[in-house]
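Peer 1: need a 3D model of the following:
(one chain, ligands or ions: 2)
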Amino acid sequence: MGQKGKEIVEIEVKEVISDLNSAYADEWLAHFQYFLYAQIIEGIDAETLKKELEQQSLDEMNHAKILANRIIQLGGTPTTKLIETSTCGFSPPPEDRADLVHVIELVLEGERCAIEKYNRLAKKYHMKDLVTHEIFEDLLTDEVSDEEDWENFLPGLKQK
Ligand SMILES: [Fe+2]
Ligand SMILES: [Fe+2]
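Peer 2: Ligands and ions are numbered 1, 2, ... in the order given. Below you'll find the model as predicted:
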């Protein structure tokens, strides 16, 4: 990133890169988790859910891309230590592959972890690094909408 671009960041650049990398690792693991779930789920509603999981898996990968761009802009390197760097982590799929309610509950755990994290980070970077702030704010908006999408699947599944 250019000289002025770095000067306007009012938080230690190392710390900004570390926050971005932590979110980057979360996004890759969410991408991986949703992709994996989409491949293995079974049952009557699995097809609809599979499409949604694959779509959201791609969305999370795009989030990772946005974060990677900012990391590189700041002179950092996107981490390869995903498990160690992530705070929202990865949940293995339920043993019962047809337990779609459980699948959605695990997805919701991840989305809610991301919402809390982006909410905290968006506040932290407000007035300190407006570019990073805006990224966290945009991702927060996306995760809030993801949570709602997943919650909307639950009533239909629970009635069965
Ligand atoms: Fe995401
Ligand atoms: Fe999400």
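Peer 1: you'd agree Leu36 is up against Pro93?
Peer 2: Yes: contact criterion C-beta atoms under 8 Å: Leu36 and Pro93 qualify, at 6.4 Å. Where C-beta positions appear, they are placed from N, C-alpha and C, glycine not excepted.
Peer 1: which ones are touching the residue in the chain positioned nearest to ligand 1?
Peer 2: Of all residues in the chain, His63 sits closest to ligand 1, at 3.7 Å by C-beta to the ion. Listed by C-beta atoms under 8 Å, 6 or more residues apart in numbering, the contact set of His63 reads 23, 27, 30, 139, 142.
Peer 1: which ones are touching the closest residue to the fourth one other than its chain neighbours?
Peer 2: Put plainly, it is Leu139. Nearest residue to Leu139 in three dimensions, chain neighbours excluded: Tyr118, at 5.1 Å (C-beta to C-beta, 6 or more residues apart in numbering). Tyr118 makes contact with 23, 136-137, 139-140, 143 under the criterion C-beta under 8 Å, 6+ apart.
Peer 1: cool, Ala68 as well?
Peer 2: Counted by C-beta under 8 Å, 6+ apart, Ala68 has contacts 24, 78.
Peer 1: cutoff 10 Å now
Peer 2: Contact partners of Ala68, counting by C-beta atoms under 10 Å, 6 or more residues apart in numbering, are 20-21, 24, 27-28, 76-79.
Peer 1: for it, give me the pLDDT.
Peer 2: Model confidence at Ala68, given as pLDDT, is 98.
Peer 1: now do the same for it: helix, strand or coil?
Peer 2: helix (DSSP: H, G, I helix; E, B strand; the rest coil).
Peer 1: if I look at it, how far off is Glu7?
Peer 2: Here Ala68 is placed at a distance of 23 Å from Glu7 (C-beta to C-beta, to the nearest Å).
Peer 1: before we move on, what about Trp150?
Peer 2: Applying C-beta to C-beta, the value for Trp150 to Glu7 is 41 Å.
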